[in-house]
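*Asks:* Here is a sequence together with a model predicted from it:
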Amino acid sequence: MAYTAHSKPDQLEEHFDTEEELKKSAKHLAQLLRKTKHAVVFTGAGVSTLCGIPDFRGPNGVWTLAAAGEKRTEPVTNATKAIPSLTHMALVELQSRGIVKFLISQNCDGLHRKSGIPPTSIAELHGNRNLERCSKCGKEYLRDFDATASYIFSVHDHRTGRKCVVCDGDLLDSIINFGDNLPQQQLDAAWSNTKQSDLFIVIGSSLTVAPASHMPEYVGKNPKANLVICNLQNTPLDNLANIRIHARSDDLMKLVMQELEITVPPFILNRCVCVHVNANIPAVHVYAVDSDGTPASLFQGIVINGNKLEADPFVKEFSVNLQNLDIELFFYGHYNEPPVKLSVPCKKTQRRYFIMKYNPMTGIWQVEDKEENINFGPKYQPQKFPDPKDAKTKSQPVGFSVQPRENCPHFNTHVVLGVASKIATAFHENTCGVCADKSENWVCLSCGKTLCSRYVNGHASEHAENSGHLIVLSFSDLSVWCYGCSDYIKDQFLTTMFVGELYKAKFGEN
C-alpha cells in the first residue's frame, strides 16, 4: 500500500497555526457549534496519533516510511490497549448532548466505538478491526481483540476462521482494503447525514481517499453549510473550507470545549454482561453485548461455581438445589482490568443484565445490576440458550495474539519440511489422537499429530512437553503457536506452499 503515500515533499510538510490563530479558530468553531442544527464530524488517522497509533501519510506515517523503504523506529501502541484521546472523548460528550448528530470515521482502530459513540451514531466507512460479520446472515460480532483476517493470499479474503453461532456461516472481518467496496449501509448513513449537515467538521484527515472525500467536498460546495478542516498537512479541499485550522486535534478540541464551557469526560470502559439462567435444565449462559445488543467477546475465561470455562459459549449446568450462582469474569486485561465477581439467584429462568464501567486510571469497576430492565432497541434479538450437551463441541476460542512474534528462535528447527502435505487430510478429520475430540485441535508441525488444545483437554501442550515439539498450527484460523516462546508467531515460510496446502485443505481453495 506504499503507493498511497504522498509523493510530493510539500504534501508531507506539516503546518502549525500560531497560538493566537488557533484560539481565534476555536472560538469561531464553538460559535458555529452553538448554532448548528445538524453537525457532522469526519475523522481520519490524526485523531488517534496522540494515542500512540501511527497515521498513514504523515512524515512518519506507515505508507510514507514504506514508500521510502524505511522502518518505523518510534514506539507504537497496540490499538486494543490504546486509551482514546481527548478528541475522542470530546466527541462523545458533544454527541451525548445532541450537539454533534453523526460521526463519519475513516479509522479502523475501533477507538470511537470503545470511547462510547453508539453504533447508531457512527459510520465506520473503512471498517473496524474489532468487528466481524457473518457472510450468510449478516450478524455482527464485536471482539475485544484484533479480529482481522490473515490475508495470507489475498487482501480480499476476509475470512477470520471463526463461525457464526446463528447460521454457522463464515465470519468476515469488516476492514475495507483497497479494491473492496465500502459497506452500503454505512455509506448510505454517512451520505444521508452529510446532506443534512449545516456544519461539517473534518479532523485529522488528508481527504485524499475517495469516495469518503466526496462528502466534505459536497458540503464545501454548499453555500448554506460550513466546512471546517483541521489537519496539519494541506488537503485538496482547503480552498472550500470556511475555517482552515493547522493544529493537532487535541489542541483544537481542548480550546473548543473550553469555549463551550463543557468538561471533557475521562475515558470509561463500558461493558454489558448478560447472565441467562435457564432453571428448567438447570444451566446458566454468560455472554456480553454491545450497547445495541451486538454480541461481544470480552472474556478470556469465566469461573462458575468453581468450574473454569475458557471458550465460547460459556455455559454451565448446576445443581437444582443451588440457591445462587457465583460467577467470576476474567477479561482480556488490555487496561489491566481485574476480574468481576457476580452473585446471581438461580431459582427462576431469567436474563439478568449487568452494566459495568471501568476507569483505567483508578483500576476500579462500577457494577450496576439492571436485572431485566434494559432496552437495546427494536432490532435486538436475545441470544438463544445453547444446548449444554453440545456447548463443548461448539465452543471455540475467540481471542488470539494481536501481534505475533516475528523472531521466533524455534521455528526453523522445529518445523519439518514436507509436513504440510502429510497432514493436509487431517483438517477434514479434525480428531485429537488421544481423546478423539473434534472441537478445537492443533497440528504438530514436527510430527504431524493432531491433538486438542487447552480449551479442551490440553493434549497438544502435553505432547509439546513430552516430545519437545514446540510449534503447532490451529485448525480454527491457521494461527501458529510456539510453546517455547509462549506466543503466537509468524514467519515468511508461512506464506509459501507450507500454509498454501493447509489453507486449501481448510477452505477448499487457494
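*Replies:* Okay, I see it.

*Asks:* quick one: contacts for the residue nearest in space to the middle of the chain?
*Replies:* Averaging the C-alpha coordinates of the chain gives a centre point, and the residue nearest to it by C-alpha atoms, centre = their mean is N130 (1.6 Å). Taking C-beta atoms under 8 Å, 6 or more residues apart in numbering as the contact definition, N130 lies against T80, G110, R113, K114, L142, R143, D144, F145, D146, A147. Every residue, glycine included, has its C-beta placed from N, CA and C.

*Asks:* hmm, try it at 7 Å
*Replies:* Taking C-beta atoms under 7 Å, 6 or more residues apart in numbering as the criterion, N130 is in contact with G110, L142, R143, A147.

*Asks:* Quick one: buried ones out of those residues?
*Replies:* With neighbours counted using 16 or more other C-beta atoms under 10 Å, those contain these buried positions: G110, L142, R143, A147.

*Asks:* and those residues as JSON lines, adding pLDDT and secondary structure?
*Replies:* Rendered in JSON lines, the data for the buried ones among the contacts of N130 read as follows (pLDDT from 0 to 100; DSSP: H, G, I helix; E, B strand; the rest coil):
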{"residue": "G110", "pLDDT": "93", "secondary structure": "coil"}
{"residue": "L142", "pLDDT": "92", "secondary structure": "strand"}
{"residue": "R143", "pLDDT": "92", "secondary structure": "strand"}
{"residue": "A147", "pLDDT": "86", "secondary structure": "coil"}
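
*Asks:* If we only consider those, which is nearest to L227?
*Replies:* Using C-beta to C-beta, G110 is the member of those that lies nearest L227, at 26.9 Å.

*Asks:* how much space is there between that closest one and D292?
*Replies:* According to C-beta to C-beta, to the nearest Å, G110 stands 15 Å off from D292.

*Asks:* Chain neighbours aside, what residue packs nearest to the residue nearest to the centre of the chain?
*Replies:* Taking C-beta to C-beta, 6 or more residues apart in numbering as the measure, N130 lies nearest to G110, with 4.2 Å between them; neighbours along the chain are not counted.

*Asks:* Over to A147?
*Replies:* Leaving out its chain neighbours, A147 is closest to E132 (C-beta to C-beta, 6+ apart), at 4.8 Å.

*Asks:* Please report phi then psi for that neighbour.
*Replies:* Its backbone dihedrals place E132 at phi -130, psi 150, with angles given as degrees, to the nearest 10.

*Asks:* counting residues per helix, which one in this structure is longest?
*Replies:* Across the chain, the helix with the greatest residue count (assigned by DSSP state H) is helix 19-35.

*Asks:* elements contacting it?
*Replies:* Helix 19-35 makes packing contacts with strand 243-245, helix 249-260 when contacts are defined by 3 or more C-beta pairs under 7 Å, 6 or more residues apart in numbering; DSSP states H and E.

*Asks:* all helices for the stretch 1-150 of the chain, in order.
*Replies:* Taking DSSP state H, counting those that start in this stretch to define them, one finds helices in the stretch 1-150 of the chain at 9-12, 19-35, 62-67, 86-96, 111-115.

*Asks:* got the buried residues for the longest one?
*Replies:* Yep, that's helix 19-35 we're talking about. Along helix 19-35, the positions that meet the burial threshold by neighbour count (16+ other C-beta under 10 Å) are L22, S25, A26, H28, L29, A30, L32, L33.

*Asks:* ok, now the fourth one?
*Replies:* By neighbour count, and taking 16+ other C-beta under 10 Å as the criterion, the buried residues in helix 86-96 are L86, T87, H88, M89, A90, L91, V92, E93, L94, Q95.

*Asks:* now do the same end-to-end measure for stretch 112-121.
*Replies:* From its first residue to its last, stretch 112-121 covers 10 Å (C-alpha to C-alpha, to the nearest Å).

*Asks:* can you give me the offset of that stretch from its chain's centre?
*Replies:* Per C-alpha atoms, centre = their mean, to the nearest Å, the displacement of stretch 112-121 from the mean C-alpha position of its chain is 12 Å.

*Asks:* contact partners of that stretch?
*Replies:* Residues from elsewhere that reach stretch 112-121 (C-beta under 7 Å, 6+ apart): 84, 88-89, 91-92, 95, 102-103, 105, 122, 128, 267, 270, 290-292, 294.

*Asks:* thinking again about what came up before, pretty sure the residue nearest to N130 contacts E132?
*Replies:* No: G110 is not in contact with E132 according to C-beta atoms under 7 Å; the separation is 11.8 Å.

*Asks:* Next one: the closest residue to E259 other than its chain neighbours from T49, what distance?
*Replies:* Residue nearest to E259 in three dimensions, not counting chain neighbours: A30, with 3.5 Å by C-beta to C-beta, 6+ apart. Using C-beta to C-beta, we find A30 at a distance of 23 Å from T49.

*Asks:* can you check D290 too?
*Replies:* Here the criterion is C-beta to C-beta. By it, D290 lies 26 Å from T49.

*Asks:* how many other residues sit next to K136?
*Replies:* Neighbour count for K136, taken as other C-beta atoms under 10 Å: 13.

*Asks:* so where is the stretch 301-450 of the chain shaky, pLDDT-wise?
*Replies:* 391-404, 406, 417-425, 427-428 (pLDDT under 70).

*Asks:* Tell me which stretches of it form helices.
*Replies:* 388-394, 411-414, 419-423, 426-429.

*Asks:* If anything else comes up later, I'll come back, but that's it for now.
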